[in-house]
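Chemist: Okay, sequence plus prediction incoming.
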2 protein chains.
Amino acid sequence: MKKFLNDPKNFVDEMLEGILAAHPDQLSTAGELRSIVRAQKENKVSLMSGGGSGHLPLFMGYVGDGMLDGCAIGGVFQSPSPEQILKVTKAIDCGKGVLYVYGNYTGDIMNFEMSSELAETDNIKTSHILGADDVASAPKGEENKRRGVAGIFYVFKTAGAAAKEGADLEAVKKVAQKAAANVRTIGVALSPCTIPEIGTPSFNIGEDEMEIGMGIHGEPGIARTKLENADSVVSKMMEQILADMPLKQNDEISVLINGLGATPKEELYIVYRKVNALIKKTGAKVFNVYVGEFATSMEMSGFSISVFKLDGELKTYLAKPARSPFFEQRQL
Amino acid sequence: MKKFLNDPKNFVDEMLEGILAAHPDQLSTAGELRSIVRAQKENKVSLMSGGGSGHLPLFMGYVGDGMLDGCAIGGVFQSPSPEQILKVTKAIDCGKGVLYVYGNYTGDIMNFEMSSELAETDNIKTSHILGADDVASAPKGEENKRRGVAGIFYVFKTAGAAAKEGADLEAVKKVAQKAAANVRTIGVALSPCTIPEIGTPSFNIGEDEMEIGMGIHGEPGIARTKLENADSVVSKMMEQILADMPLKQNDEISVLINGLGATPKEELYIVYRKVNALIKKTGAKVFNVYVGEFATSMEMSGFSISVFKLDGELKTYLAKPARSPFFEQRQL
């Protein structure tokens, strides 16, 4: 295992210590390291997420101005506990309720629901929105079985902006729901990653192979094939997205090209070049593009493409400024 | 070679096509793909850089508001030509002169100097500042032999802010010179990268080995040893930096933890945790911290630490807002 770490047992906590040491003006804890909150509390509907570690900037990287107010942090690829979630919930609530936005994974659902029940006894209103954007993980018609991957960024961004504008819990939830329904993602992986406490790669893949549709924990994809050239890989991936969410003339979209960890930005832009050409053919218009690492799998090599369909409301919220230690955007 | 690309010959140009397609509101060309300029010209002293591809966000990633006005782009790890540099120079000059800021590499120096001579015949005043921050590449007293690596970001940022404030060429150069003199960097690598047109890794390194002091093109470092734990690696690196630029009580600094390409952000923060502890011992104060990918070597695994010593002027300029497709900062 070729990693910069000390005792693998301390991987998550030492990472958090580093993050808090680096950004004390922006981040703080709700009394314990794995319950991260914004350094400044804001009087509004609160938003939080949570999930396993190993996906930075997911999830805690979006705790910041105009996005999340807090985040509960699990071990690598493990759900945070209900107690951690509850701690964050209590710390960030302003009496206006807390919206939970997290990925569609059994452990996370169970623990966020348990925290909801506990919060209720404290008279804190909570509501849930699941990210389930991975088109490769279940067919059309079974969207509720899909995994949540990079597209959840758009839910954080738009719902976060709505909350900052003063919308109430129901209204923020509606924005989050619409955002979650309007985003589609598909990924491809070339190499695995290694969970520090395990020490061996999470799967094996041939030196000349790729796997389209693989999840961000190495879950099986649609097909493992020989690596093809970038344009051909992108075409296959976009075909899946466009079959699931067709685009037509004058539709407006945002695109996210997300590196899974080890794939250079140079390659991500070669990918976007082809994505852009394929979108042009549909007649849809690209409002803006994000290229970089937004939801990773540590040192996994690969990328994902997310397409986010906009309407007037989502576009307005997407364009609002936001700032966290991992993401910064001025008004678009 | 496991990469997302089409014909390796088109790697750089297709990357540039992708970048221009993604960010048309921010970037444009000076008539050819490899001569990148800002989409909006500003009436001020102009700043430009240039260098080989394969280091994104270096160099062109800093073309943006409050930083660079243009950038000449070479092949992977190759210098741009004098003609490319001249094209950018002519496009960005507003009659107030152009400051060239680039890394201390023979090819780049030769080509930027040639462009300077050609620009002079067009009555464009140019001036040069070299980034030479890599303490591992030559001993103290031979600073002029040092390679330029990630620390050049601080030169772009501060000189860019000075130019935006309306400083004249001499004044902007002075800021750049002071910034370049005040930054020290050291890197460590765990794995090589592959130049697309070559197709094989640039060097070999054992599964249990690391190389401290390696350059961003795989130039040899100080020592190749067995991989040690993160705290121990960081201690050795910080020792080199602090021996070269001692810090004392109440010195104020900025720190940059730069991923070389494949190293996860989780590990970069484990690295910063130790850097922070070691800096505390000196009594110096950390003004701000950047953690992410600022100067890479494609899919190389490793990181570098840069320490930037501030005075009132450098701090003011560092804190100014800036925006490019690869870097965004609001007023600090």
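Modeler: Thanks, I have it.
Chemist: Mind jotting down where the strands sit in the stretch 51-200 of chain A?
Modeler: With DSSP state E, counting those that start in this stretch as the criterion, the stretch 51-200 of chain A has strands at A:70-76, A:98-103, A:126-131, A:183-191.
Chemist: what's the second one packed up against?
Modeler: Helices and strands touching strand A:98-103, as assessed by 3 or more C-beta pairs under 8 Å, 6 or more residues apart in numbering or on different chains; DSSP states H and E, comprise strand A:46-53, helix A:82-92, helix A:106-121, strand A:126-131, helix A:152-164, helix A:169-181. All C-beta atoms are positioned from the backbone trio N, CA, C, and that covers glycine.
Chemist: Can you mark which positions in the last one are buried?
Modeler: With burial defined by 16 or more other C-beta atoms under 10 Å in any protein chain shown, the residues of helix A:169-181 counted as buried are A:169, A:172, A:173, A:174, A:175, A:176, A:178, A:179, A:180.
Chemist: contacting residues around it?
Modeler: Helix A:169-181 is contacted from outside by A:45, A:47, A:96-99, A:101, A:125, A:127, A:129-133, A:151-152, A:154-155, A:157-159, A:162-163, A:167, A:308, A:311, A:313-314, A:317, using C-beta atoms under 8 Å, 6 or more residues apart in numbering or on different chains.
Chemist: Filter the residues you listed down to the buried ones, PyMOL style.
Modeler: Entered in PyMOL, the line below selects the buried ones among these, by 16+ other C-beta under 10 Å:
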select buried, chain A and resi 45+47+96+97+98+99+101+125+127+129+130+131+132+133+151+152+154+155+157+158+159+162+163+167+308+314+317
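Chemist: Surely residue A:144 touches residue A:131?
Modeler: No: judged on C-beta atoms under 8 Å, residue A:144 makes no contact with residue A:131 at a distance of 12.0 Å.
Chemist: Show me whatever sits in contact with both of those two.
Modeler: Listed as contacting both residue A:144 and residue A:131 by C-beta under 8 Å, 6+ apart are residue A:104.
Chemist: how much space between residue A:59 and residue B:144?
Modeler: Here residue A:59 is placed at a distance of 46 Å from residue B:144 (C-beta to C-beta, to the nearest Å).
Chemist: and those two? which has more neighbours close in?
Modeler: The residue with more neighbours, out of residue A:59 and residue B:144, is residue A:59; 30 against 9, by other C-beta atoms under 10 Å in any protein chain shown.
Chemist: Count the neighbours of the residue nearest to that one when sequence neighbours are not counted for me.
Modeler: Using C-beta to C-beta, 6 or more residues apart in numbering or on different chains and skipping the chain neighbours, the partner closest in space to residue A:59 is residue A:49 (4.3 Å). Residue A:49 has 33 neighbours, counted by other C-beta under 10 Å.
Chemist: So which residues on the stretch 201-332 of chain A come close to chain B?
Modeler: Residues of the stretch 201-332 of chain A found near chain B (C-beta under 8 Å from any C-beta of the partner chain) are A:207-208, A:227, A:229-231, A:233, A:261-273, A:276, A:289, A:291-293, A:296, A:298-299, A:301, A:303, A:321, A:323, A:325-326, A:328-330.
Chemist: Repeat the analysis, applying 6 Å as the threshold.
Modeler: Contact residues, the stretch 201-332 of chain A versus chain B (C-beta under 6 Å from any C-beta of the partner chain): A:229-231, A:261-262, A:264-267, A:269-273, A:276, A:289, A:291, A:298-299, A:328.
Chemist: Can you list which of these are found in helices?
Modeler: Judged by DSSP state H, helices contain the following of those: A:230, A:231, A:265, A:266, A:267, A:269, A:270, A:271, A:272, A:273, A:276.
Chemist: sorry, back to before: format the helices and strands packed on strand A:98-103 as CSV; extra columns: mean pLDDT.
Modeler: Formatted as CSV, the helices and strands packed on strand A:98-103 follow (pLDDT from 0 to 100):
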stretch, mean pLDDT
strand A:46-53, 98
helix A:82-92, 98
helix A:106-121, 98
strand A:126-131, 98
helix A:152-164, 98
helix A:169-181, 98
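Chemist: Put together CSV for those, with distance to residue A:10 on each row.
Modeler: Shown next, in CSV, are the helices and strands packed on strand A:98-103 (distance: least, C-beta to C-beta, whole Å):
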stretch, distance to residue A:10
strand A:46-53, 12
helix A:82-92, 17
helix A:106-121, 22
strand A:126-131, 29
helix A:152-164, 27
helix A:169-181, 34
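Chemist: Next, count neighbours for residue A:243.
Modeler: For residue A:243, the neighbour count with other C-beta under 10 Å is 11.
Chemist: can you tell me the helix or strand for it?
Modeler: Using DSSP states H and E, residue A:243 sits in helix A:230-244.
Chemist: Would you mark the buried spots in that helix?
Modeler: Using 16+ other C-beta under 10 Å as the test for burial, helix A:230-244 gives A:230, A:231, A:233, A:234, A:236, A:237, A:238, A:240, A:241, A:242, A:244.
Chemist: So which of these is the closest to chain B?
Modeler: residue A:230 (4.4 Å; C-beta to the nearest C-beta).
Chemist: What parts of the stretch 51-200 of chain A come near chain B?
Modeler: A:56, A:190.
Chemist: Just want the residue of the stretch 51-200 of chain A that's nearest chain B.
Modeler: Closest approach between the stretch 51-200 of chain A and chain B, counting by C-beta to the nearest C-beta: residue A:56, at 4.1 Å.
Chemist: quick one, what contacts that residue?
Modeler: B:265, B:266 (C-beta atoms under 6 Å, 6 or more residues apart in numbering or on different chains).
Chemist: can you do 8 Å?
Modeler: The contact partners of residue A:56, by C-beta under 8 Å, 6+ apart, come to A:293, A:296, A:326, B:264, B:265, B:266, B:269.
Chemist: Could I have the buried ones of the residues you listed as PyMOL selection syntax?
Modeler: Applying 16+ other C-beta under 10 Å to the contacts of residue A:56 leaves a buried subset, and the PyMOL line that selects it is:
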select buried, (chain A and resi 293+296+326) or (chain B and resi 264+265+266+269)
